[in-house]
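# please work out how this folds:
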Amino acid sequence: MTYTSPRDAALLSEITGSAHLFASLINASPPPNLLDAGKHLVPRQFVFTQAENDPVVQPQVIFEANGKILYRFWPHMVVRGRFEKIGGGLGYVWGAGVGYFDYLVPARPDRRRVGQITVRSHIQPIPPVDADSHWVRTRVTLVVNGTDCGSRLVVVEDPEKPLIQEWKIASWSPRLRAARGLPFTIRFAVTPQSDWLYGVNISNWAEAYDAHGASPLEVEIN
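Residues are numbered from 1 along each chain as shown. This is a model prediction of the structure:
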């Protein structure tokens with residue numbers, strides 16, 4: 001049972017009018033400001049960098065007999081990182097929310113024709129502690145020296161079957177830089193425009209998994 005009095009009339013009128021307004025806008029498009037990507041701001045991010053010539057960030061380089069060059073990275077070899085929360089430890093590095101991790105493919109003295117660059121990485125989302133892991137995923141975009149090379153929607157993996165994300169890059173600009181032997185960056189980014197913003201976790205393999213010598217992040221120049 002409810003009781004009203006004449007003094008409540010103005011308040012009830014405002015509430016009723018607002019309810020009718022919201023109901024009338026149920027199929028309306030969002031306001032333009034909400035769709036302006038330039039206003040999708042992240043209030044705070046943590047940042048770290050390492051010197052590009054630091055031996056810690058240098059990958060293992062393998063010149064294969066078939067002419068391919070394989071660069072093997074481990075998670076801690078990040079040269080730059082920026083995320084809303086950030087951390088790491090022995091065999092892993094993680095960033096929550098929006099941000100990126102950069103790895104550097106170093107320069108080499110020779111030039112060669114490059115038809116394709118392949119990037120493989122063991123990436124996972126950062127699920128909230130109270131979330132169902134089957135529901136969580138993250139949208140990771142690969143950026144090679146400023147060139148957007150597409151995104152992958154990454155789900156939480158089965159511990160016994162690691163998920164490896166792979167990009168095959170045929171874009172002219174990254175291939176030209178690799179052909180000239182110039183250094184270039186490999187960036188794994190979660191952008192503010194992504195549909196799933198659950199960060200990036202790059203880690204070593206589980207102890208029971210046989211990776212046959214592969215590292216959690218590899219760049220192949222062919």
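# can you pull the pLDDT of L41?
Listed pLDDT for L41 reads 68.
# tell me the SS of the closest residue to R175 other than its chain neighbours?
Take R175 and drop its neighbours on the chain: the residue closest to it by CB to CB, 6 or more residues apart in numbering is V114, 4.6 Å away. Where C-beta positions appear, they are placed from N, C-alpha and C, glycine not excepted. With DSSP: H, G, I helix; E, B strand; the rest coil as the basis, V114 sits in coil.
# if I pick V114, what's in contact with it?
Contacts for V114 (CB atoms under 8 Å, 6 or more residues apart in numbering) come out as 175-176, 178-179, 221-222.
# let me know the closest of those to R82.
A178 (24.7 Å; CB to CB).
# any idea of the pLDDT on the closest one?
At A178, the model reports a pLDDT of 96.
# hang on, it in a helix?
Yes - applying three-state DSSP, one finds A178 inside a helix.
# state the distance from it to V114.
From A178 over to V114 the distance is 5 Å, taken as CB to CB, to the nearest Å.
# select the longest helix from this protein.
helix 9-24 (DSSP state H).
# quick one on the thing from earlier: most neighbours of all the contacts of V114, which one?
The most crowded member of these, judged by other CB atoms under 10 Å, is A178 (26 neighbours).
# mind listing what that one touches?
With contact set as CB under 8 Å, 6+ apart, A178 has these partners: 105, 114, 117, 184, 221.
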